[in-house]
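Undergrad: Sequence and predicted structure, then a few things I'm wondering about:
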Amino acid sequence: MGIAASSSESSSWKSKVEFHEDNKSREYEHYQLTNCLLDALGHDEYIKHMKIYSCDIINPQDILSVFVFFPILYFVKHKFIVFQTNKWWYSLEKDNVYITIQRGKTEKTVKDQKKDTVRTACEEKTISFHKVSKNSISVHSLIHELNKKDALKIGYNLANRNCNHFVDDVLKWLPEITNNNKRASITLKEWHVGLENYLKNKQIKYDNPRRIFFVGTTCFPLSGGQVLEPTGASIVEQDHMITVLTMFNASGEFLLPRIVYPKERDNEIDRSGFDEASFYSVPDGWASVNSETFGSLFETLQTFVTNQRIGLPIILFVNGHSKDFKQQGIEFCEMNRMYLYDLFKNPTKFLQDPMTLAWQKAAKQWKNTNKRHTIPINKFTTVFSEAWKQFATLTNARNGFQEYSLLPRV
């Protein structure tokens, strides 16, 4: 259960989600749950069924602390959740340091051990609330609920915020998630009907591909002195992120990328490696991006539209987890006849998939040329500038819009 030795309130609590897969772990703070963590998890899947297990407290020191300070709780078990999708098995649990998510190919990999520690006396608990209706709850919706309920901000307390309480809370969320998903689980056809109604109400003609834009983000994890792949990278401890904001239209016209990075990395970022891009250093990485940053982003778009004689109005599709764009920029955009609209589900075909492929190719070429096994942070811009050349193509732009049937009929 992860008991703190000196008191019921844990001083070890990090306010982070730990994602463990293939013997490697990554850490995510609250602001990274609905973007970077979802990107790392990849394609969303429905949960087929869910089980509740209990086991002995994993850390022997925990057992001692329980016995010495709280002897009545000596026989308390660690409780955790195991669930299955079509492709994966997951475990979800809380201790005095993290909320931990494990993923593996078999139930055994997540049920019988936590990271490299074997669980003992593991048994399934019979709880009626853990039944999951078919196609009602997805992995991503569960992460969204962790974010919505501020699960990382609650902390850990032996008396009323331990592993058992966390499992009970998740079970209570299930009906709410199901109801939310029923309201949100529209088909692509229904989404298009909603878009058509919106365009009609705003009196926007959807006939010019130059006036149809996409805006999204890509997160590049930093670990120690290295830059890792934007998704699927195996790292031991994640320090911060470099976040790249990208905008382009259905005609394949790309705005130069905006690179946002933690201010503490100022001396490691070589801006000359991609001097055409715009750079923003912020105190705490992506969490500190403010209204000024977003306002200038849309001012840049307005300038681009004017200089390229694209004309107005324009429609700007936003990936589903980029709510910050809407909160900070919707007033400015509508005043200038630029209209934001959420895309259908997680648009990996627009940005994440082609960007990851371009980065992999550029990184491999740089490593081979320079006889290196990793990408140091001070070489990020050099490698990314090459990746950008491969990514920013008419084919990639049109493929993204085509995937969601968003190319205008002309």
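TA: It's in. Predicted model only: the values in this text are computed from it and were never measured. Residues are numbered from 1 along each chain as shown.
Undergrad: Just the CA atoms of the host helix or strand of residue 79, as PDB, please.
TA: Secondary structure assignment for residue 79, by DSSP states H and E: strand 78-84. Provided in PDB are the C-alpha atoms of strand 78-84 (Å, rounded to 0.1, in the frame of the first residue of the first chain):
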ATOM      1  CA  HIS A  78      -2.800  -3.500  -1.100                       C
ATOM      2  CA  LYS A  79      -5.700  -3.200  -3.600                       C
ATOM      3  CA  PHE A  80      -5.300  -2.600  -7.300                       C
ATOM      4  CA  ILE A  81      -7.200  -2.800 -10.600                       C
ATOM      5  CA  VAL A  82      -6.500  -5.000 -13.600                       C
ATOM      6  CA  PHE A  83      -8.300  -4.500 -16.900                       C
ATOM      7  CA  GLN A  84      -8.000  -5.800 -20.500                       C
END
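Undergrad: which helices and strands does that strand pack with?
TA: Applying 3 or more C-beta pairs under 8 Å, 6 or more residues apart in numbering; DSSP states H and E, we find strand 78-84 packed against strand 49-55, strand 89-94, helix 107-111, helix 163-184. All C-beta spots, glycine's among them, are computed from the backbone N, C-alpha and C.
Undergrad: could you redo the ones you listed as CSV and give each row distance to residue 372, mean neighbour count and mean pLDDT?
TA: Shown next, in CSV, are the helices and strands packed on strand 78-84 (distance: least, C-beta to C-beta, whole Å; neighbours: other C-beta atoms under 10 Å; pLDDT from 0 to 100):
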stretch, distance to residue 372, mean neighbour count, mean pLDDT
strand 49-55, 43, 19, 90
strand 89-94, 35, 24, 96
helix 107-111, 32, 18, 94
helix 163-184, 42, 16, 76
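Undergrad: Let me know which of those is the nearest to residue 227.
TA: strand 89-94 (27.6 Å; C-beta to C-beta).
Undergrad: Could you list the paired strands of the closest one along with their orientation?
TA: Paired with strand 89-94 in the same sheet, following DSSP bridges, are strand 78-84 (antiparallel), strand 99-104 (antiparallel).
Undergrad: For the stretch 151-300 of the chain, which segments are assigned as strands?
TA: 212-223, 226-227, 240-249, 258-262, 278-282 (DSSP state E, counting those that start in this stretch).
Undergrad: Quickly run through the sheet partners of the fourth one, with directions.
TA: What it means is strand 258-262. strand 240-249 (antiparallel), strand 278-282 (parallel).
Undergrad: Same list (these) but as CSV, adding mean pLDDT and mean neighbour count.
TA: What follows is those, written out as CSV (pLDDT from 0 to 100; neighbours: other C-beta atoms under 10 Å):
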stretch, mean pLDDT, mean neighbour count
strand 240-249, 86, 23
strand 278-282, 84, 16
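Undergrad: Reformat those strands as a markdown table; add distance to residue 141.
TA: Formatted as a markdown table, the strands paired with strand 258-262 follow (distance: least, C-beta to C-beta, whole Å):
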| stretch | distance to residue 141 |
| --- | --- |
| strand 240-249 | 23 |
| strand 278-282 | 29 |
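Undergrad: returning to that earlier point: could I get the helices and strands packed on strand 78-84 in JSON lines, plus columns for distance to residue 202?
TA: Converted to JSON lines, those look like this (distance: least, C-beta to C-beta, whole Å):
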{"stretch": "strand 49-55", "distance to residue 202": "42"}
{"stretch": "strand 89-94", "distance to residue 202": "41"}
{"stretch": "helix 107-111", "distance to residue 202": "47"}
{"stretch": "helix 163-184", "distance to residue 202": "22"}
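Undergrad: and of those, who's closest to residue 281?
TA: Among the helices and strands packed on strand 78-84, strand 89-94 sits nearest to residue 281 (C-beta to C-beta), with 33.8 Å.
Undergrad: Tell me which residues are up against that closest one.
TA: With C-beta atoms under 8 Å, 6 or more residues apart in numbering as the test, strand 89-94 has contacts from 2, 78-84, 99-107, 109-111, 114, 139, 142, 156, 162-163, 166-167, 170.
Undergrad: buried subset of the residues you listed?
TA: Neighbour-count burial (16 or more other C-beta atoms under 10 Å) applied to the contacts of strand 89-94 gives 2, 78-84, 99-104, 109-111, 114, 139, 142, 156, 162-163, 166-167, 170.
Undergrad: now the stretch 51-200 of the chain, which segments are flagged as low pLDDT?
TA: Scanning the stretch 51-200 of the chain for pLDDT under 70 picks out 58-76, 126-135, 176-186.
Undergrad: for the closest residue in space to residue 30 that isn't next to it in sequence, what are its contacts?
TA: Once flanking residues are discounted, residue 30 sits nearest to residue 152: 4.7 Å by C-beta to C-beta, 6 or more residues apart in numbering. Contacts for residue 152 (C-beta under 8 Å, 6+ apart) come out as 15, 16, 17, 29, 30, 33, 99, 146.
Undergrad: For residue 166, see how far away residue 152 is.
TA: 11 Å (C-beta to C-beta, to the nearest Å).
Undergrad: Next, show the common contact partners of these two.
TA: Shared contacts of residue 152 and residue 166, counting by C-beta under 8 Å, 6+ apart, come down to residue 99.
Undergrad: Which residue is the nearest non-sequential neighbour of residue 110?
TA: residue 91 is the one closest to residue 110 (C-beta to C-beta, 6+ apart), at 3.8 Å.
Undergrad: no wait, residue 367
TA: In space, residue 367 is closest to residue 373, 6.5 Å off (C-beta to C-beta, 6+ apart).
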